[in-house]
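>>> here's my sequence, what's the structure:
(chains A and B)
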Amino acid sequence: MSDSNINPPLILAGNSYHSRLLVGTGKYKDNEETRLALEASGAEIITIAIRRTNIGQNPDEPNLLDILPLEKYTLLPNTAGCYTVDDAVRTCRLARELLAGHKLVKLEVLGDEKTLFPDTIQTLKAAQILVDDGFDVMVYTNDDPLIAKELEKIGCVAVMPLAAPIGSGLGIRNPYNILTIIENANVPILVDAGVGTASDAAIAMELGCDGILMNTAIAAAKNPVLMASAMKKAVEAGREAFLAGRMPKKRFASASSPIEGTFF
Amino acid sequence: MMTIVLNGEKQQVTANTSISQLLKNLNLENKRLAVEINQQIIPRSEFDQHILNEMDKVEIVQAIGGGSNP
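Okay, here's the model as predicted:
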């Protein structure tokens, strides 16, 4: 749907994006598969991780950022794997240095290795520090409406509740909480993590989410490039269905052809 | 010679080595990376002047593929 009056673009930190699907760049077979999947997804925002450079081992090994057409993407450095406020803040500051002053970051502070659930107490602290330091923070959190609102009040540019645990592919486990978060929000709400297949993405968008961030659902599919294409369509379809407004559910049938004029 | 801790591993470097010199020795010059020394980010513009000290903790990082997981 190209009519921007009916289907306006996603606005994040003052920039507008036509794609509401944000994708991670981890877990792919190789850089080429990553490049093709990103292209098929239509994503304009892609997450990256900040890690130690391998010292002395293949310094000329091609880096993901060397093979991607970077002019097509907004990079979203993320604090994946951080379990403390300090590590998350350090990661964002290094990313800003690495990317020449880039301000948009995805904050996640994890609390537990088994569930990878966010540590919301540390997340709130880190979000405050990063917002005060001038970052545009998109923040990963659980599906708790109260915490989501707090993160918005701190000044995060987007709040990103999980659908289900990271990498679980379980789909939206608590649609009513996601709905409450959306209804309460004055910033974009994006579902981050837990989507397994295209219908999960469509359901999230039909609830009224502003976008979805996913990685494993695409990268761990048997055919990641095809799944990326499916996700693109599911996000678009779910968005349009949300905007269109679904028919009310009824218990019994309701004929769709007129009764009047029947000759039998 | 002196010892620094480079990305978590002890390494010998000559005294008065600058960050630029260190990156050159590691074949990492002109790579897209960021450098932190003792948890302080050193801007690229200071790589030439900044001289390493004994037991400095040096982190050299880059961007890699990554999503919502460690």
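>>> low-confidence stretches in chain B?
Applying pLDDT under 70 to chain B flags the ranges B:68-70.
>>> spell out which parts of chain B neighbour chain A.
If contacts are counted using CB under 8 Å from any CB of the partner chain, the residues of chain B sitting beside chain A are B:6-9, B:11, B:26-28, B:31-34, B:36, B:39, B:41, B:43-44, B:59-70. All C-beta spots, glycine's among them, are computed from the backbone N, C-alpha and C.
>>> just the buried members of these?
The neighbour-count test (16 or more other CB atoms under 10 Å in any protein chain shown) applied to the residues of chain B next to chain A identifies B:6, B:11, B:26, B:28, B:33-34, B:36, B:41, B:59-69 as buried.
>>> next, count neighbours for residue 10.
Picking chain A for this. The number of residues packed near A:Leu10 is 20, by other CB atoms under 10 Å in any protein chain shown.
>>> looking at chain B here, not the other one
Counted with other CB under 10 Å, residues neighbouring B:Lys10 total 9.
>>> for A:Asn174, same thing?
16.
>>> residues touching it, list them.
With contact set as CB atoms under 8 Å, 6 or more residues apart in numbering or on different chains, A:Asn174 has these partners: A:Asp143.
>>> quick one: pLDDT of it?
Confidence at A:Asn174, expressed as pLDDT, is 94.
>>> and for the one 5 residues further on?
What the model reports for A:Leu179 is a pLDDT of 97.
>>> how far is the helix or strand hosting it from where the chain is centred?
Secondary structure assignment for A:Leu179, by DSSP states H and E: helix A:175-184. Helix A:175-184 has its C-alpha centroid displaced from the chain centroid by 16 Å (CA atoms, centre = their mean, to the nearest Å).
>>> list the buried residues of that helix.
Taking 16+ other CB under 10 Å as the basis for neighbour counts, the residues of helix A:175-184 that come out buried are A:Asn177, A:Ile178, A:Leu179, A:Thr180, A:Ile181, A:Ile182.
>>> and what of stretch A:158-173?
Applying a neighbour-count criterion of 16+ other CB under 10 Å, the buried positions in stretch A:158-173 are A:158-169, A:171-172.
>>> sorry, back to before: quick one: contacts of the helix holding A:Leu179?
For helix A:175-184, contacts defined as CB under 8 Å, 6+ apart pick out A:143-145, A:148-149, A:159, A:161, A:163, A:172, A:189, A:191, A:203-204, A:207-209.
>>> helix or strand right after that helix?
If you walk from helix A:175-184 toward the C-terminus, the next helix or strand you reach (DSSP H and E) is strand A:190-192.
>>> partners of the longest strand along chain B, with directions?
With secondary structure taken from DSSP state E, chain B has its longest strand at strand B:57-65. Sheet partners assigned to strand B:57-65 using DSSP bridges are listed as strand A:45-52 (antiparallel), strand B:2-6 (parallel), strand B:34-37 (antiparallel).
>>> could I get the ones you listed as CSV with distance to A:Gln128?
Written out in CSV, the entries for the strands paired with strand B:57-65 read as follows (distance: least, CB to CB, whole Å):
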stretch, distance to A:Gln128
strand A:45-52, 21
strand B:2-6, 31
strand B:34-37, 22
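>>> just name the most buried of these.
Between the strands paired with strand B:57-65, the one whose residues have the most neighbours on average, counting mean count of other CB atoms under 10 Å in any protein chain shown, is strand A:45-52 (a mean of 23).
>>> what's the first helix or strand after that one?
Toward the C-terminus from strand A:45-52 - assigned by DSSP H and E - lies helix A:64-67.
>>> pull the helix or strand following that next one out as CSV, backbone CA atoms only.
Counting by DSSP H and E, the next helix or strand C-terminal to helix A:64-67 is strand A:74-78. Below are the C-alpha coordinates for strand A:74-78, written out as CSV (Å, rounded to 0.1, in the frame of the first residue of the first chain):
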residue,chain,number,x,y,z
THR,A,74,20.3,2.3,8.9
LEU,A,75,22.6,0.4,11.3
LEU,A,76,21.2,-0.4,14.7
PRO,A,77,24.1,-1.4,17.0
ASN,A,78,22.7,-3.5,19.8
